[in-house]
Each structure stands twice: as C-alpha cells, then as structure tokens.
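show me the folded form of this:
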Amino acid sequence: MISINNIQPLSPEALFDLLKTDFPTYINEQLGSNLNVEFAHVSDVVNISFPEVIEGNAYTLTIGDDQIEITDHTAEETYNTELLEQHLVAFLTIKAG
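I've put the predicted structure just below:
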C-alpha cells in the first residue's frame, strides 16, 4: 500500500471528478497510448480499472483528510503495472500536493 499526503485536501468527490476528467489524458500522454480507464466511486473509495489490459479492479484509492492510500490489485505478470502505478502516484502527488 502506498500513501500520498492529501495536502489540498481533496474530498473523495473532488478527487473522483479530477480522475474522471484529467487522469485518462494524463496517463495516455505519459504512455503514448490510448488506454480506456474506468472509475467507480462509493463513499471515500475510488476504484480504477484498465479493462483492455487488466482484468478487474486495478487500484483502489481510499481518500482521507490527510492521506490518499493506494491499494494495488494487479498481478505482477499483467501488462506493465509498475509503470501504471508510477504514473498514478505522480498524478495524485501533483493534484493532492
């Protein structure tokens, strides 16, 4: 699990909106790709999936007042999950920091 300081602080709803509007463009520019990114939001949890390359939920974000925790649900042998995670962490650090 990775924790990122939520300095702004971003509410779960605000972060969900940022993810939906900005993250797909950000990740695709970073990777030079056209990945489909899907999001689900319930209470203080946001799930992120990449249905074209990873089966099921890839990452879960738990948003608190002080931190955003990232839980990785990917298998190491699928796609390049380390690169996806690296860009997700960078995006969240930019937006929450």
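
partner residues bridging the nearest residue to Ser3 once chain neighbours are set aside?
Computed as Cβ to Cβ, 6 or more residues apart in numbering, the closest residue to Ser3 that is not its neighbour in sequence is Gln67, at 4.8 Å. C-beta coordinates here come from the backbone N, C-alpha and C atoms, glycine included. Note on Gln67: beta-bridge partners Asn5, judged by DSSP bridges.

do the same with Thr62
Beta-bridge partners of Thr62, as defined by DSSP bridges: Val45, Glu69.

how near is it to Gly32?
Thr62 sits at a distance of 30 Å from Gly32 (criterion: Cβ to Cβ, to the nearest Å).

list the residues that contact Asp72.
Residues near Asp72 by Cβ atoms under 8 Å, 6 or more residues apart in numbering: 1-2, 58-59, 81, 85.

as a check, name the ranges of all strands in the chain.
For the chain, the strands defined by DSSP state E cover 2-5, 38-42, 45-49, 59-63, 67-72.

about what we covered before: between Thr62 and Gly32, which has more neighbouring residues?
Taking neighbours as other Cβ atoms under 10 Å, Thr62 and Gly32 compare with Thr62 leading, 16 against 6.

the residue most central in space within the chain - nearest residue in space that isn't next to it in sequence?
The C-alpha lying nearest the average C-alpha coordinate of the chain belongs to Leu88 (Cα atoms, centre = their mean; 4.8 Å). Counting by Cβ to Cβ, 6+ apart, Leu88 lies nearest to Tyr59, which is 6.3 Å off, once chain neighbours are set aside.

closest one to Pro12 among the strands of the chain?
strand 59-63 (4.3 Å; Cβ to Cβ).

can you spell out which helices and strands pack onto that closest one?
Under the contact criterion of 3 or more Cβ pairs under 8 Å, 6 or more residues apart in numbering; DSSP states H and E, strand 59-63 touches helix 12-31, strand 45-49, strand 67-72, helix 81-96.
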